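[1] The following block contains a protein sequence and its predicted model.
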Amino acid sequence: MTEPVHVPTLGARVRRVLLPVLLAVFSVVGSFGASRGQTDRHEPDWFMVVLLLVGALSLYWLRTRPIPVLWATVVSTLIYMLREYPWGPVVFAFVIAVFTTIRLGHRMAGWVGLITLYVGHVGGRMILGINEQGVYQVLLVGTCFCVLGFLAELFRAHRDRVMAAARTREEEELRRAGEERLRIAQELHDVVAHHISLINVQASTALHLVDRQPEQAAPALSAIKDASKEALVELRSIVGVLRQSDESAPRTPVAGLDHLDHLISRTERAGLEVHKIVHGEPRPLPSGLDRAAFRIVQESLTNVVRHARATSATVRIQYGEQTLVLQIDDNGDCLTAAPQEGNGISGMRERATALGGTLTANCTPAGGLRITATLPL
């Protein structure tokens with residue numbers, strides 16, 4: 001995948017040009033001004049101006065080519081010092097280049113540039129026989145260079161922390177977006193699969209009866225109408241959640257185990273006899289757990305209607321002290337057609353796992369399919 005090309009804004013381009021130009025003018029004017037009080041230094045000439053311009057104007061490429069710019073400032077500053085031009089703002093370009101190079105992460109190049117300029121200046125003066133500096137001056141300059149390097153390191157460390165935090169936030173946002181997409185996909189699958197399965201069964205019944213017993217086709221058509229209406233309502237609910245911008249508004253559909261009786265009656269209209277058995281004292285559950293439990297039961301009944309060739313199913317709900325156990329059995333033929341890990345079972349298992357629970361799909365001794373979900377409270 002090709003990375004997007006970063007196009008600098010007009011303000012960034014202006015700042016990129018403005019800094020080298022202003023520093024070049026300041027360096028040249030400042031050096032000529034400083035030369036008036038430094039009669040023992042070399043007279044300003046055209047070469048001095050060239051050195052100052054090379055160091056200052058090279059900063060234009062500092063963001064894109066920091067290391068070449070650093071060495072351009074090192075060389076121009078070192079030659080300026082060894083030719084004994086007037087002391088002035090010549091070192092500013094070098095300071096900016098070193099600071100930026102280290103802050104951008106080129107630590108080795110930045111420190112090598114600092115050491116090169118320091119050793120070249122001190123050693124060059126000794127080799128060329130220029131007026132030797134005192135030990136105090138040599139140590140003072142070295143201390144200043146070390147302080148400059150460590151300051152750049154502090155800003156580099158801060159920049160790395162900021163970038164790491166930004167990457168962490170971005171990864172967290174991507175993870176949350178992925179989880180949200182998965183949750184929405186599960187909701188859509190459960191809603192659409194359940195209602196479409198009921199509609200398919202009722203439509204088959206209506207087609208079978210429309211010619212032979214047309215008066216008995218009406219209940220099937222009525223069930224199709226109700227199922228399609230409920231599917232549209234739930235789909236609108238999910239779409240409404242996606243469109244909400246108010247964080248205080250409910251973010252998920254509120255279908256839970258309190259809708260179980262309605263789900264069972266609707267499923268029975270598709271020709272499947274459903275029995276509900278509750279163990280323990282029913283009590284309010286956390287919304288995420290309540291919704292997941294309802295969807296697991298709904299998807300289990302949907303699978304029975306679509307694939308099990310069963311005539312009855314039993315839904316057992318056990319309210320424990322620490323867990324909620326769901327068990328859905330049917331009287332289909334599981335022994336000859338083992339349960340397949342399709343979207344339905346895998347989606348239910350993902351819901352259970354997301355809550356720290358488990359879900360299994362096995363054949364019962366009587367030959368039917370048993371879905372067992374254990375959800376921690």
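    The structure has been received and is ready for your questions. Numbering: from 1, shown residues only.
[2] which stretches of the protein form strands?
    Assigned by DSSP state E, the chain shows strands spanning 273-279, 312-319, 323-330, 358-363, 369-376.
[3] need these in a markdown table with mean pLDDT, can you?
    Supplementary listing: those in a markdown table, determined by pLDDT from 0 to 100:
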| stretch | mean pLDDT |
| --- | --- |
| strand 273-279 | 87 |
| strand 312-319 | 89 |
| strand 323-330 | 89 |
| strand 358-363 | 86 |
| strand 369-376 | 88 |
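[4] Of those strands, which is nearest R161?
    strand 369-376 (36.9 Å; CB to CB). Glycine gets a C-beta too; all of them are placed from N, C-alpha and C.
[5] Give me the helices and strands touching that closest one, please.
    On a contact count with 3 or more CB pairs under 8 Å, 6 or more residues apart in numbering; DSSP states H and E, strand 369-376 meets helix 287-303, strand 323-330, helix 343-354, strand 358-363.
[6] For the third one, list every residue counted as buried.
    Think helix 343-354. 344-345, 347-349, 351-352 (16 or more other CB atoms under 10 Å).
[7] of those, closest to F26?
    Nearest to F26 among those: R351, at 66.6 Å, using CB to CB.
[8] residues touching that closest one, list them.
    186, 292, 295-296, 359 (CB atoms under 8 Å, 6 or more residues apart in numbering).
[9] again, only this time at 7 Å
    R351 sits next to 186, 292, 295-296 when contact means CB atoms under 7 Å, 6 or more residues apart in numbering.
[10] again with L104
    Here L104 is in contact with P66 (CB under 7 Å, 6+ apart).
[11] that older thread, specify the stretch among the strands of the chain that is closest to F94.
    strand 369-376 (63.3 Å).
[12] Please save the CA atoms from that closest one in CSV.
    The C-alpha coordinates for strand 369-376 follow below in CSV (Å, rounded to 0.1, in the frame of the first residue of the first chain):
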residue,chain,number,x,y,z
LEU,A,369,-28.0,-30.6,19.2
ARG,A,370,-27.2,-28.9,22.5
ILE,A,371,-25.9,-25.4,22.7
THR,A,372,-24.5,-24.5,26.2
ALA,A,373,-23.3,-21.0,27.0
THR,A,374,-21.8,-20.1,30.4
LEU,A,375,-21.6,-16.4,31.0
PRO,A,376,-20.0,-14.9,34.1
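[13] between it and strand 358-363, how many degrees?
    For strand 369-376 against strand 358-363, the angle between stretch directions is 170 degrees (axes from the mean of the first three to the mean of the last three CA atoms, to 10 degrees).
[14] Flag every buried residue along strand 369-376.
    Neighbour-count burial for strand 369-376, counted by 16+ other CB under 10 Å, picks out 369-375.
[15] List the pairing partners of it within its sheet, with orientation.
    Applying DSSP bridges to the sheet, strand 369-376 is found paired with strand 323-330 (antiparallel), strand 358-363 (antiparallel).
[16] mind listing what's buried in the last one?
    Within strand 358-363, the residues that count as buried by 16+ other CB under 10 Å are 359, 361, 363.
[17] Output the residues you listed in JSON lines; the columns should cover distance to Q137.
    Listed next are these as JSON lines, based on distance: CB to CB, whole Å:
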{"residue": "L359", "distance to Q137": "78"}
{"residue": "A361", "distance to Q137": "83"}
{"residue": "C363", "distance to Q137": "91"}
